[in-house]
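> Pasting the sequence and the predicted coordinates here, then a few questions.
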Amino acid sequence: METLQGHWVLAKMGKKVLRPGGRELTQKLINGLKINSKDDIVEFAPGLGFTASLALKNNPKSYTGIELNEKAASILRKKITGENRQIILDNAAKSTLKSSSANKVFGEAMLSMQNDSRKSQIINQAHRILKKDGFYSIHELCLVPNDIPKQLKQKIQKDLSRVIKVNARPLTVDEWRTLLKKEGFEIVNTYTYPMHLLKPQRIISDEGVFRTLKIAFNILTHPKERGIILSMRKIFKKYQNYLNAVGIIAKKK
């Protein structure tokens, strides 16, 4: 339990929406991608399959999820079934998918957990597998303002890494946009939302009243998990003026 990553602790307690900008920002990005029946779509790190379920409502021609976690991939294969629907156990940073094989690629809450070099590798893979004029969307944790002092930025990254047990490296909005441009994308739309992942109002909005009550009960009856979640909440609250969620839709040049 002491080494379990924060998002999996939340998932164990019953939380389905694990994105920093919540259900609303995820839905905005899916709507912005305008997925249709002619699209071959790829999702990096689908996790519990929440975003996949939204994307598949648009009946794309094909869906491929690239998931590194073997247990998550096994669960996803039971949820995502049907013709031209597949989950691949693979690394998004060095995908085995063919070049120019997708119209739309998306990934959420994964780049923030990578160092800058690995961020670039993953974005480069999205560019490689996209067809000309294809779209790529990301939904990540970001730091504000854009001119946040370097020392404070490093302190936030260090404290986040400690409590969520991953190498948390969120960037400012400008830095996210610059990273995408560097790998051959042009920015189409940028959205920012408050990072209220563990605030009661956001949880109710994301999960509904019944599931929120179930999550609350699970947290109350699991002391170890409760300790981890309270530590996460404390850090989120401490840096609430500097943490946001960002969603970006970019186009392959």
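Ah, there it is.

> what lines up beside the strand ranked longest in the chain in the sheet?
Longest strand of the chain, by residue count under DSSP state E: strand 130-143. According to DSSP bridges, strand 130-143 forms sheet pairs with strand 102-108 (parallel), strand 171-172 (parallel), strand 243-252 (antiparallel).

> burial count for I164?
For I164, the count of nearby residues is 23 (other CB atoms under 10 Å). Yep, even glycine has a C-beta here, placed from its N, CA and C like the rest.

> no, scratch that, I was asking about L197
Counted with other CB under 10 Å, L197 comes out at 25.

> what does I219 give?
So I219, with other CB under 10 Å, has 20 neighbours.

> Quick check, pLDDT for the nearest residue to it once chain neighbours are set aside.
Take I219 and drop its neighbours on the chain: the residue closest to it by CB to CB, 6 or more residues apart in numbering is R226, 5.0 Å away. According to the prediction, R226 has pLDDT 95.

> How far off centre is the helix or strand encompassing R226?
Per DSSP states H and E, R226 falls inside helix 223-238. Computed by CA atoms, centre = their mean, to the nearest Å, the chain-centroid distance of helix 223-238 equals 20 Å.

> just stretch 64-76 next, same as before
Here the centre of stretch 64-76 is set off from its chain's centre by 14 Å, with CA atoms, centre = their mean.

> do stretch 79-87 as well
20 Å.

> Same question for stretch 69-81.
17 Å.

> contact partners of that stretch?
In this structure, residues lying in contact with stretch 69-81 by CB atoms under 8 Å, 6 or more residues apart in numbering are 46-49, 52-53, 56, 63, 65, 67, 86-89.

> Only the buried residues of stretch 129-138, if you could.
Neighbour counts over stretch 129-138 (16 or more other CB atoms under 10 Å) mark 129-130, 134-138 as buried.

> for the residue sitting furthest away from the middle of the chain, what are its contacts?
Using CA atoms, centre = their mean, the residue of the chain lying farthest from its centre is T221. It sits 27.9 Å away. If you count contacts by CB under 8 Å, 6+ apart, T221 has none.

> rerun at 10 Å
M13 (CB atoms under 10 Å, 6 or more residues apart in numbering).

> if we can go back for a sec, can you tell me how far the residue nearest to I219 sits from I80?
Relative to I80, R226 is positioned 31 Å away (CB to CB, to the nearest Å).

> more neighbours, those two?
The neighbour count for R226 versus I80, taken as other CB under 10 Å, is higher for I80 (19 against 15).

> For that one, give me the pLDDT.
So I80 comes in at 94 (pLDDT).

> so how far is L68 from it?
According to CB to CB, I80 and L68 sit 16 Å apart.

> Number of residues surrounding the spatially closest residue to G65 that is not a sequence neighbour?
When the adjacent residues along the chain are set aside, G65 lies closest to P46, with 4.0 Å between them (CB to CB, 6+ apart). Using other CB under 10 Å, P46 has 28 other residues around it.

> Check which helix or strand P46 maps to.
Using DSSP H and E, P46 sits within no helix or strand.

> now do Q121
In this structure, Q121 sits in helix 116-129 according to DSSP H and E.

> Identify each buried residue in that helix, please.
Here helix 116-129 shows 118-123, 125-129 as buried, counting by 16+ other CB under 10 Å.

> Tell me who's in contact with the residue nearest to I219.
By CB under 10 Å, 6+ apart, the contact list for R226 reads 9, 13, 218-220.

> Cool, thanks, signing off.
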